[in-house]
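S.K.: Fold the following, please.
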Amino acid sequence: MPVDIHDHMHDHIHVNENALVKKDDHRQMKQMFAGGLSAALTRTASQPLDVLKVRFQLQIEPVKETKTSTISKYRSISHAVSTIYKEEGFLALWKGHNPGQVLSIMFGIAQFWSFEQFKLIAKEQEYLKNSPNAVNFICGAFSGGIATFCAQPLDVLRTRLIAQDHGEGYRNSFHGMSNIIKTEGIRGLYRGINPSLIQIMPLMGTNFMVYKMLKDVIAKTLKIDPVEIPSLALMIIGGISGTVSKTIVYPFDLVKKRLQIQGFHKHRKTFGKNVEYNSILHCFRLTVAQEGFLGLFKGMTPTLLKSGWVTALNFCFYDKIIDILH
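M.R.: Model (predicted):
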């Protein structure tokens with residue numbers, strides 16, 4: 001009996017569709033794996049800078065000693081490192097690493113995967129076809145927002161583990177998470193979510209836009225394919241994009257950290273003064289009133305070192321892992 005040509009075409013189309021779906025699933029799995037692995041490697045290398053950043057951000061007293069000010073606990077990066085080492089031991093520089101590592105992996109997967117999905121959607125929009133920088137900024141901003149919402153509970157937990165007195169507060173990540181839910185509810189896990197989103201969306205939008213833009217410039221200048229750009233060059237442009245974007249939104253990062261430790265002050269008796277804040281605006285106003293405008297930029301040096309280093313490693317690892325998987 002002759003085969004119906006329509007049935008044959010239908011089967012052929014169905015096979016092709018299945019193949020495309022499997023190929024797309026495989027590609028997305030690669031993106032998620034690369035995003036998670038690059039974030040994990042980056043977190044391990046950068047955690048000490050994160051600990052220093054958080055400690056400085058939460059310190060109300062001036063970093064430098066003055067005639068009228070109370071002597072602060074940490075007066076410089078080197079002084080902070082030596083103080084933490086003497087009081088808490090070498091491993092204290094990796095405090096909060098476990099929830100931070102899970103946070104980074106979760107953030108990396110959500111960020112890079114959603115960025116690639118948003119780019120696919122953006123390619124179909126006629127008005128964005130000739131605006132690659134706008135596409136990278138928009139997709140980076142939305143992917144950062146999604147990743148932040150997914151990872152916020154772990155960010156709160158990590159901040160508190162870093163901020164608490166030695167031998168006080170939460171015994172470990174599981175104790176901390178259950179304690180927050182028990183005493184503050186689910187809302188406690190999302191303390192600081194508003195400044196987090198306000199900060200992260202322009203931050204990640206700028207990150208992706210500057211990185212992709214510089215990557216294209218290098219590829220065109222050297223007349224090579226973007227995948228052939230050396231790892232060192234990727235790290236340099238990643239560092240530049242991370243430093244530029246972090247400087248723009250830094251005050252929101254400081255406010256976010258201070259809001260995340262509200263209700264946790266009883267475990268921070270050895271770090272100096274603790275202040276209660278009612279909202280984002282209240283935190284901004286009180287910080288400027290008590291510490292001056294530059295108080296909004298406390299911890300800026302370790303933050304820029306961390307941001308440049310983290311962004312450089314993150315983008316470099318991701319691109320290289322994707323290339324290897326392909």
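S.K.: tell me which element Ala312 is part of?
M.R.: When elements are assigned from DSSP states H and E, Ala312 belongs to helix 300-325.
S.K.: What is that helix packed up against?
M.R.: Here helix 300-325 is seen to pack against helix 5-57, helix 97-123, helix 193-222, helix 231-260 when contacts are counted using 3 or more CB pairs under 8 Å, 6 or more residues apart in numbering; DSSP states H and E. C-beta coordinates here come from the backbone N, C-alpha and C atoms, glycine included.
S.K.: hmm, try it at 6 Å
M.R.: Counting contacts by 3 or more CB pairs under 6 Å, 6 or more residues apart in numbering; DSSP states H and E, helix 300-325 packs against helix 5-57, helix 231-260.
S.K.: May I see the ones you listed organised as TSV, with distance to Phe112, mean neighbour count and mean pLDDT added?
M.R.: Conversion of those to TSV gives the following (distance: least, CB to CB, whole Å; neighbours: other CB atoms under 10 Å; pLDDT from 0 to 100):
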stretch	distance to Phe112	mean neighbour count	mean pLDDT
helix 5-57	3	16	71
helix 231-260	13	21	84
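S.K.: okay, these in CSV with distance to Arg268 next?
M.R.: Below are the helices and strands packed on helix 300-325 laid out as CSV (distance: least, CB to CB, whole Å):
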stretch, distance to Arg268
helix 5-57, 11
helix 231-260, 11
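S.K.: Out of the ones you listed, flag the one nearest Lys86.
M.R.: Across these, Lys86 has its closest neighbour in helix 5-57 (14.1 Å, CB to CB).
S.K.: next structured bit after the closest one?
M.R.: Next along the chain after helix 5-57, taking DSSP H and E as the criterion, comes helix 77-88.
S.K.: What average pLDDT does that next one get?
M.R.: Mean pLDDT, helix 77-88: 90.
S.K.: Now it: buried residues?
M.R.: Using 16 or more other CB atoms under 10 Å as the burial criterion, the residues of helix 77-88 that qualify are Ile77, Ala80, Val81, Thr83, Ile84.
S.K.: who touches it?
M.R.: Residues outside helix 77-88 that contact it (CB atoms under 6 Å, 6 or more residues apart in numbering): Leu52, Tyr74, Ala92, His166, Pro302.
S.K.: check contacts around the third one.
M.R.: Neighbouring residues of Ala92 by CB under 6 Å, 6+ apart: Ile84.
S.K.: Other residues contacting stretch 187-195?
M.R.: With CB under 6 Å, 6+ apart as the test, stretch 187-195 has contacts from Gln152, Pro153, Val156, Ile180, Phe252, Val255, Lys256, Leu259, Gln260, Ile280.
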